[in-house]
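*Asks:* pasting a predicted model and its sequence here:
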Amino acid sequence: MGHDTAEWVFVAIVIAVLCYVGVDSWIVQKAVEDVPADAEVIKVTGQQWYWSFEHADGTKEISTLHVKKGHAYKFEIYSRDVMHSFNIPDWVVFEDAVPGHTNHAWFAPDQAGTYPIQCREYCGLLHYNMRGSLVVEDDKS
Amino acid sequence: MECTSKQQMKTLIAVSIIALVALALIPQIVHAQLAQQTSAKQYINLRAEVWNEFFRMTTAAFTVGAIVSGTMIWLVWRFRESNPKNKAPTKWEHMDDPTAGSYEEEGH
Amino acid sequence: MVLELQKPRPVWQIMFSTHHTDVGYLYLVFGITFLFMGGVLAMIIRTHLFFPGQGVLVSDSATFNRIFTVHGLTMLFLFALPVANGIGNILVPIMVRYKDMAYPKLNAIAFWMNPVGAALLWLGFADTTWVSYAPYSIIRAPGPAADMFIFGMKILGISSILSSINFVVTIVKCKHPDLPLRRVPLFAWSMLTVSLMTIVAMPTYASALIMMLTDRLGLSGFFNPFAGGDPIAYLHLFWFTFHPEVYIFLLPAIGMMYEIIPRFSRKPLYSQASGVFAFVMLGIIGFASWGHHMYSTGMDFTTKVVFMIGTLAAVPASGMHVFNFLATMWGGRIRFAAPMKFAVGGIALFFSAGAGGVLNSAMPLDFISHGTYWVVGHMHLFLIGTIGFGFVGMIYYMFPYVTGRMYSEKWASAHFVLMFWGTVQTFFTQHLLGLEGMPRRVYDYPTEFTSWTQLNQISTIGAWMIGASFAIFLASLIYYSAKGKEANMDDPWGIGGKYYYPVAAKNPHGGHSGY
């Protein structure tokens, strides 16, 4: 049964690689899902076809979000109509906006600049144009 | 004599276990103390974590891919009909239908 | 198999026939027709995305959304399923040595539901995307298109359940008593596995469709958050059906490669047992992974881990298939005729797609890949790279048996080279687009990210190559079935050995001396 052995060795190698993938992504996911306790909450609302934001101090913004470098922010993501997906590709921020649910994402920008915000879940006519921008400002305080 | 050697072995094992535990723990304790000294505003770099994971996974995928596709290219080159080494018909071609059945029935 | 082009019959005799080869023909003609119709839509999509900005070809996003929705539906339900069913109809009864399918009339009914479903999908031209996520499909999608989509899918779903029941009964109950189930050829095993999977998976989606319909009519609020429902429930029901459905599309193509590879390697299959084992494993584990489509919907960590493990668990079985193929080729004397070229190309792309799939299942990478062109590239590598290559190879393989004539090996090579290169160029590039963050299902993309434009253009050129390759395919199918050289029906490729298939083809109700 020599040929069986070859196949089982092959399967064992495949399983070993998969275990590595599984364990590694477990560790990383555990780390990145852990929202820092001092993160400032920003409410993000998606609706056809723009994003609106509400800061913890009550400031509201539409399409453009201003945050400060070096702070952690926690997004509370809502949707007012259909499913959207809040995404800042440059900062690996991504979570669906599901009506009736509150989803969370967080990030802590360490680099000032302007970055695109987009919708990554099909939401109708102007899905392609449901874009905004994130402005990370230097913290002068 | 026998007794002392056993004793020695026990000591050796105990010492090495303690040493291993210490080696495993000390860096963690030191690291935790260092982490406490730094400011509370050090967050993990989310995008670096995720992209590093991506590059580790891609490295694994491309390594396995290189092996599999390398094997495949070699197979295609070596066992093509037009390869001079493949002039002679294989032993299976003498059978009535070389493609019927499988290894298992031929008592390999 | 009746040699239609040598002994023509009036077309209604085929249309109203319940004989398994005739129904198989109908499925094949239907599937190949919609392959080209869906292909035209694909060409429109890619050509439109060649230049950013308001397109010349598609002037508004509403039309564009409808085009990619119908492209997806067509390729999955009007091309992939019917072609698999068609080839299954022709080959499975022969492989299990029965005179016909178990229920011939049911077989014909199952086929004739397809044109009705197809008409509803194409005349409606919905814009819900093929996944038709609630609540968009309930509260925003314009009718009657979305309603026609629901009824069309409903009819196609019933048709696929009926044909699955037929396949299961044919293989399990009607096979020749001398033929133990484990000796049934692997293509029939693949049809058995996918039929069982369909019977388990499809009713879930069928009920979800009914719920969606009553939600749209305002009678209920299962998935409508503004009537107390939950859209996530729809996603669960949908993916519980359609992640297994991925294997339902894939396994027949793997089964076809199991037909082609030993034959052109002039060697017995490496291991029948491991092929059967891997099919059954995939059929079971395929149901454990649907949640990996929903990582970003607010799933908690533990659920994500469960679905990641379920997804990864399917990989060893797929790997066993690849191992089986390569080990079958090892030590053979391989004739690289068109079917073999497509089968080997299909294995190579199957591996790339599978590696991408492993990356998709890793939870943190979902932040990067989900909902981007990465996913588009990944699933097209499966659908064209593996399923498309397997099916095209099988169509070339059956060409001489169906038409009694030979296709041109030269044009088939041109088809293969263009299609392989085009697939790699189009869909590997789309992986890169996804890594740069380009969302899928977009009508337009911003120009400030210059590499998006370049990558889209590279991808579009690849798509044109695939288009050209299929133009060659269509032309040679038509031309060589009428004008091709007469095929030697005992051994069309001159590779020696007997074939159970043509022996049966000449005498559909007679013995099967070859197998």
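*Replies:* In hand now; what should we look at?

*Asks:* for the lowest-mean-pLDDT helix or strand in chain A, packing partners?
*Replies:* Least confident helix or strand of chain A, by mean pLDDT, DSSP states H and E, is helix A:2-33 with a mean of 87. Where contact means 3 or more CB pairs under 8 Å, 6 or more residues apart in numbering or on different chains; DSSP states H and E, helix A:2-33 is packed against helix B:46-78, helix C:301-313, helix C:315-329, helix C:338-361. The C-beta positions use only the backbone N, C-alpha and C, and glycine is treated the same way.

*Asks:* I'd like these written out as CSV, with distance to C:Met438, mean neighbour count and mean pLDDT added.
*Replies:* CSV is the format used below for the helices and strands packed on helix A:2-33 (distance: least, CB to CB, whole Å; neighbours: other CB atoms under 10 Å in any protein chain shown; pLDDT from 0 to 100):
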stretch, distance to C:Met438, mean neighbour count, mean pLDDT
helix B:46-78, 16, 16, 92
helix C:301-313, 24, 18, 93
helix C:315-329, 27, 23, 93
helix C:338-361, 16, 24, 93
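
*Asks:* which of those helices sits closest to A:Glu7?
*Replies:* Minimum separation from A:Glu7 across these (CB to CB) falls at helix C:315-329, 5.8 Å.

*Asks:* mind giving me the packing neighbours of that closest one?
*Replies:* helix A:2-33, helix B:46-78, helix C:231-265, helix C:272-285, helix C:338-361.

*Asks:* what do you get if the cut-off is 6 Å, keeping everything else the same?
*Replies:* helix A:2-33, helix C:231-265, helix C:272-285 (3 or more CB pairs under 6 Å, 6 or more residues apart in numbering or on different chains; DSSP states H and E).

*Asks:* in the shortest one, what counts as buried?
*Replies:* Using 16 or more other CB atoms under 10 Å in any protein chain shown as the burial criterion, the residues of helix C:272-285 that qualify are C:272-276, C:278-279, C:281-285.

*Asks:* and the residues you listed, which is closest to C:Ile248?
*Replies:* Nearest to C:Ile248 among the buried residues of helix C:272-285, with distances taken as CB to CB, is C:Gly283, at 9.3 Å.

*Asks:* care to break chain A down by domain?
*Replies:* A:1-34, A:40-137 (automatic domain parsing).

*Asks:* quick one: residues in contact with the helix or strand containing A:Ile77.
*Replies:* Taking DSSP states H and E as the definition, A:Ile77 sits inside strand A:73-79. For strand A:73-79, contacts defined as CB atoms under 6 Å, 6 or more residues apart in numbering or on different chains pick out A:35, A:39-46, A:67, A:86, A:95, A:97-99, A:102-103, A:105-106.

*Asks:* next one: stretch A:35-55
*Replies:* A:56, A:60-63, A:65, A:72-81, A:84, A:86, A:97, A:106, A:124, A:126, A:130, A:132, B:43.

*Asks:* switch to 8 Å and redo it
*Replies:* A:56, A:60-63, A:65, A:67, A:71-82, A:84-86, A:97, A:104, A:106, A:108, A:117, A:119, A:123-127, A:129-130, A:132, B:40, B:43, C:140 (CB atoms under 8 Å, 6 or more residues apart in numbering or on different chains).

*Asks:* next one: stretch C:177-189
*Replies:* By CB under 8 Å, 6+ apart, stretch C:177-189 touches C:87-88, C:91-92, C:95-97, C:171-172, C:175, C:192, C:252, C:255-256, C:258-259, C:269, C:272-273, C:275-276, C:279, C:515.

*Asks:* just the buried ones from the residues you listed?
*Replies:* The buried subset of the contacts of stretch C:177-189 (16+ other CB under 10 Å) comprises C:87-88, C:91-92, C:95-97, C:171, C:175, C:192, C:252, C:255-256, C:258-259, C:269, C:272-273, C:275-276, C:279, C:515.

*Asks:* around C:Thr21, how many other residues sit close by?
*Replies:* 23 (other CB atoms under 10 Å in any protein chain shown).

*Asks:* other SSEs contacting whatever helix or strand it lives in?
*Replies:* Here C:Thr21, judged by DSSP H and E, is contained in helix C:20-48. With contacts taken as 3+ CB pairs under 8 Å, 6+ apart, helix C:20-48 sits against helix C:11-15, helix C:61-73, helix C:81-95, helix C:104-124, helix C:389-403, helix C:450-483.
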